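K.L.:
No sequence on hand, only this structure:
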């Protein structure tokens, strides 16, 4: 497969006319569905084995903490090595971990701490893949399609979010966790096949290869002086720390407070995905009418309201509506911040910049999950959710002055006024 030379055309679905983007989009969709199936199985196994809010939250943290630790390293590597081969290695690693999880679960050897360790190992693979997956989007579509391509990736993630948990709950309920882990492994095999068939265009450079250390330092220096990127990171930190309370505590709300099973948990997660897909389809119209900073601010307040709804209600019908609203708010913030991160930096440092955004996102989710789990254990689930809702409102007000609008209009391409430096003999 090669990237077509078709002219850029408008429309939310236009990037899917690019053959390589379409194939990778479908493969990543399948992989994301598998990841949600895996997460449902892991969270449910922990809830059954321990029932501890802190241990259930530890599964969420084990998923996201590796991103905090390794994403910046991964972003640097993704900018200086062949991204196709690099992604193939990460998919192979996650296939191996998924197979190990399935085997141990089948043999009933999967202890709580072993589950946390293998979840961490799976998170390592995801952390190493994320910056490269985000950065290759700009290689696969023309720049005028970039916002639509990023939005389509968000739609794909949330199609997975709506389908994956429901499928995961069904698989766990009907067949058991080992089959859920195995199904996740098969999706990594699909990704490997697509990457194997992609013939990536590699443009030779007259410059010497960039070393890892120099590349890491250059990325950090650029970020220290990039005001728009810093604004993205500030807004991300203010949102994800508090938004993480919902995913961290939802398994316990369903199992302990409502006395429901894995199927109901999957349905509620699926409702989040339905809301996110609806939000992603509405976003082009909303972006045309409203400032991106306003969208992020309002969506954060809506997310806080959904946290409060989860704290106060234990009716499955009401919570389905609350989850849809949460998904709509979540995708509005996530897509707006990711587009701003993509378009606020030049191509040569894009993966490193995106890795910084991913680090902030995952640090907020990982630390938040542990914080809300520990707080719920000391007080109650409802109290932790109410505090998270209040914190989200305060954070939205504090970071309101950090501006991210207008990054699409920035021209960050090389000017071409000076010849490229020649490498000395």
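P.N.:
Sure thing, it's come through. Predicted model only: the values in this text are computed from it and were never measured.
K.L.:
which regions of the chain sit below the pLDDT cut-off?
P.N.:
Applying pLDDT under 70 to the chain flags residues 1-12, 200-211, 405-425.
K.L.:
What is the burial count for residue 375?
P.N.:
22 (other Cβ atoms under 10 Å). Quick note: C-beta positions are derived from backbone N, CA and C, even for glycine.
K.L.:
name the element the residue nearest to it when sequence neighbours are not counted belongs to?
P.N.:
In space, residue 375 comes closest to residue 384 once its chain neighbours are excluded; the distance is 4.3 Å by Cβ to Cβ, 6 or more residues apart in numbering. Assessed by DSSP states H and E, residue 384 sits inside helix 381-398.
K.L.:
Flag every buried residue along that helix.
P.N.:
Applying a neighbour-count criterion of 16 or more other Cβ atoms under 10 Å, one finds 381-382, 384-389, 391-393, 395-396 buried in helix 381-398.
K.L.:
Dump those residues into JSON lines; add distance to residue 330 as well.
P.N.:
As requested, the buried residues of helix 381-398 are exported to JSON lines (distance: Cβ to Cβ, whole Å):
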{"residue": "381", "distance to residue 330": "20"}
{"residue": "382", "distance to residue 330": "21"}
{"residue": "384", "distance to residue 330": "19"}
{"residue": "385", "distance to residue 330": "15"}
{"residue": "386", "distance to residue 330": "19"}
{"residue": "387", "distance to residue 330": "19"}
{"residue": "388", "distance to residue 330": "14"}
{"residue": "389", "distance to residue 330": "14"}
{"residue": "391", "distance to residue 330": "16"}
{"residue": "392", "distance to residue 330": "12"}
{"residue": "393", "distance to residue 330": "16"}
{"residue": "395", "distance to residue 330": "15"}
{"residue": "396", "distance to residue 330": "14"}
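K.L.:
For the helix holding residue 384, what is the distance to the chain centroid?
P.N.:
With Cα atoms, centre = their mean, to the nearest Å as the basis, helix 381-398 stands 22 Å off its chain's centre.
K.L.:
What lies in contact with it?
P.N.:
53, 238-239, 241-243, 245-246, 249, 252-253, 256-257, 297, 300-301, 303-305, 307-308, 310-312, 368, 372-373, 375-376 (Cβ atoms under 8 Å, 6 or more residues apart in numbering).
K.L.:
Mind jotting down where the helices sit in the chain?
P.N.:
Taking DSSP state H as the test, the helices found in the chain are 19-49, 53-80, 83-106, 112-135, 137-140, 146-174, 177-197, 212-225, 227-252, 262-289, 292-312, 316-343, 350-378, 381-398.
K.L.:
Buried ones in the longest one, by neighbour count?
P.N.:
By that I understand helix 19-49. Neighbour counts using 16+ other Cβ under 10 Å place 20-21, 23-25, 27-47 of helix 19-49 among the buried residues.
K.L.:
what packs against that helix?
P.N.:
helix 53-80, helix 83-106, helix 112-135, helix 137-140, helix 146-174, helix 177-197, helix 227-252, helix 262-289 (3 or more Cβ pairs under 8 Å, 6 or more residues apart in numbering; DSSP states H and E).
K.L.:
relative to helix 53-80, how tilted is that helix?
P.N.:
160 degrees (axes from the mean of the first three to the mean of the last three Cα atoms, to 10 degrees).
K.L.:
ok, now which ones touch residue 132?
P.N.:
For residue 132, the contact set (Cβ under 8 Å, 6+ apart) comprises 74, 77, 78, 83, 86, 87, 90, 351.
K.L.:
Quick check, the last one in contact with residue 81.
P.N.:
In this case it means residue 351. No. Using Cβ atoms under 8 Å, residue 351 is not in contact with residue 81; the gap is 10.3 Å.
K.L.:
These two: who's more crowded?
P.N.:
Just comparing residue 351 and residue 81: by other Cβ under 10 Å the higher neighbour count belongs to residue 351, 29 against 16.
K.L.:
Relative to residue 194, how far out is that one?
P.N.:
Using Cβ to Cβ, to the nearest Å, we find residue 351 at a distance of 20 Å from residue 194.
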